[in-house]
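In: here is my input; please provide its structure:
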Amino acid sequence: METQDRLEKICNALDDGLITSSSISLRTGIPARTVRRYLEKIKNDGYEIHGKTPDDYDEDGEATIDYLLDRQNKHDKLLEKEQNQIVNLSGDKPISVTLFSDIHWGNAHVDYRALVRDTNMVRDEEGAYAFCLGDLGDNWVGKLGGIAAEQEVSILQEKSGIRWWLEQLSGKLPVVVSGNHDNRTKYLAHVDYVQDMCRGMNLLYGTDQVMFTLKLGEGSWKWKCRHQFKGNSQWNETHAIERDGKLYEGFDFGAHGHFHKPTIIRPYYQQLLRRVCYACNIGTYKKSDDFAIRIGQTPHHTEYTATVIYYPDGRCIVPNGTTLEDNLRFLRWTRENF
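Out: Numbers count the residues shown, from 1 in each chain. Below is the predicted model of the structure:
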């Protein structure tokens with residue numbers, strides 16, 4: 001409301017015999033504290049002003065409510081989509097899902113030969129798919145920006161590597177979750193570079209997690225992918241996933257990375273679903289971890305990825321400790337003989 005309009009309404013209320021700020025506020029709809037300021041102005045000012053006053057910076061309450069209601073409609077639609085997410089794989093042959101996590105593009109200690117090899121194998125193998133669990137890049141920004149000077153490449157080169165990886169797996173990558181390294185730019189500057197790079201790609205995306213049902217033929221499996229589940233144990237790499245599955249949402253497969261601990265898929269009994277489910281801890285492509293050494297953790301290294309093989313009749317095979325090459329070789333044989 002313009003200053004002159006407010007002043008005119010208050011003056012009309014005064015002419016009608018209203019003298020208190022609360023009664024004038026009820027009549028005019030102007031907040032009582034604003035009415036009090038105008039009454040002081042009328043009583044004390046011996047001059048007029050024409051221009052921008054502090055009151056002109058006020059936001060219109062009704063316009064704000066209308067905007068928030070419109071935004072709520074958008075968020076409600078997103079929530080509805082999130083609660084009914086599906087990855088429906090076509091075909092009548094077995095398929096594989098390979099879990100990638102903590103690639104850390106740009107870091108000097110990444111095994112780039114293995115990363116390119118694994119990416120090409122999934123890309124070129126018929127029936128092979130991949131899920132990404134975050135930390136695609138190191139993304140040293142903000143107060144950690146000084147570390148970027150120690151990197152092998154610039155931030156722009158790092159991002160180009162991530163973009164290359166996403167492009168290689170386009171059409172093979174139905175699920176992507178960001179990690180804590182990726183989310184630094186989002187929390188610092190509200191820029192989600194992973195979401196931006198994934199625009200136009202046919203995939204489910206979440207900055208923190210993606211929950212969905214994986215379907216193939218008659219088979220159906222509930223998945224929960226995060227970069228990090230809450231909780232940790234020095235004795236059990238999959239403790240946090242199992243804890244979440246037992247206490248909260250039931251899922252057949254839960255997967256995360258983040259901790260740079262050995263890649264392992266561990267079965268556990270899920271009371272909520274009354275069946276054996278699987279907790280997937282995925283390691284890192286860093287061959288050595290200078291940060292882990294610095295804070296006193298023991299660096300671990302096993303296979304970089306883990307793979308699950310699904311059948312259209314609802315069965316699944318969960319290899320442990322096998323190489324991606326062996327897993328895809330088995331997939332190829334299975335598809336030929338299914």
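
In: max-length helix in the chain?
Out: helix 61-82 (DSSP state H).

In: show me what the helix or strand following it is packed against.
Out: Next helix or strand after helix 61-82 toward the C-terminus (DSSP states H and E): strand 86-89. For strand 86-89, the packing partners by 3 or more CB pairs under 8 Å, 6 or more residues apart in numbering; DSSP states H and E come out as strand 209-216. Bear in mind the C-beta positions are built from the backbone N, C-alpha and C, glycine included.

In: so the next helix or strand after the strand it packs on versus strand 209-216, what angle?
Out: Remark: after strand 209-216, the chain's next helix or strand is strand 219-226, criterion DSSP H and E. Interaxial angle of strand 219-226 relative to strand 209-216 (axes from the mean of the first three to the mean of the last three CA atoms, to 10 degrees): 160 degrees.

In: buried ones in strand 219-226?
Out: G219, W221, K222, W223, K224, C225, R226 (16 or more other CB atoms under 10 Å).

In: neighbouring strands for it, and are they parallel or not?
Out: The pairing partners recorded for strand 219-226 under DSSP bridges are strand 209-216 (antiparallel), strand 253-256 (parallel).

In: quick revisit: of the buried residues of strand 219-226, which is the nearest to D138?
Out: Nearest to D138 out of the buried residues of strand 219-226 is R226 (CB to CB; 19.6 Å).

In: tell me the contacts of the closest one?
Out: L133, V177, D208, Q209, G254, A255, H256 (CB atoms under 8 Å, 6 or more residues apart in numbering).

In: next: W165.
Out: I103, W105, L115, T119, L136.

In: check M121 too.
Out: By CB under 8 Å, 6+ apart, the residues touching M121 are A128, L324, E325, L328.

In: in helices, which of those residues appear?
Out: Filtering the contacts of M121 for helices - DSSP H - leaves L324, E325, L328.

In: only whichever of the residues you listed are buried, select them in PyMOL.
Out: To isolate the buried members of these in PyMOL, using 16+ other CB under 10 Å:
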select buried, resi 324+328
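
In: tabulate the ones in helices among the contacts of M121 (a markdown table), appending pLDDT and distance to L99.
Out: Output for the ones in helices among the contacts of M121, formatted as a markdown table (pLDDT from 0 to 100; distance: CB to CB, whole Å):
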| residue | pLDDT | distance to L99 |
| --- | --- | --- |
| L324 | 97 | 10 |
| E325 | 97 | 16 |
| L328 | 98 | 14 |
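
In: with distance to T28 added, can I get the ones in helices among the contacts of M121 in a markdown table?
Out: Compiled in a markdown table, the ones in helices among the contacts of M121 are given as follows (distance: CB to CB, whole Å):
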| residue | distance to T28 |
| --- | --- |
| L324 | 72 |
| E325 | 77 |
| L328 | 74 |
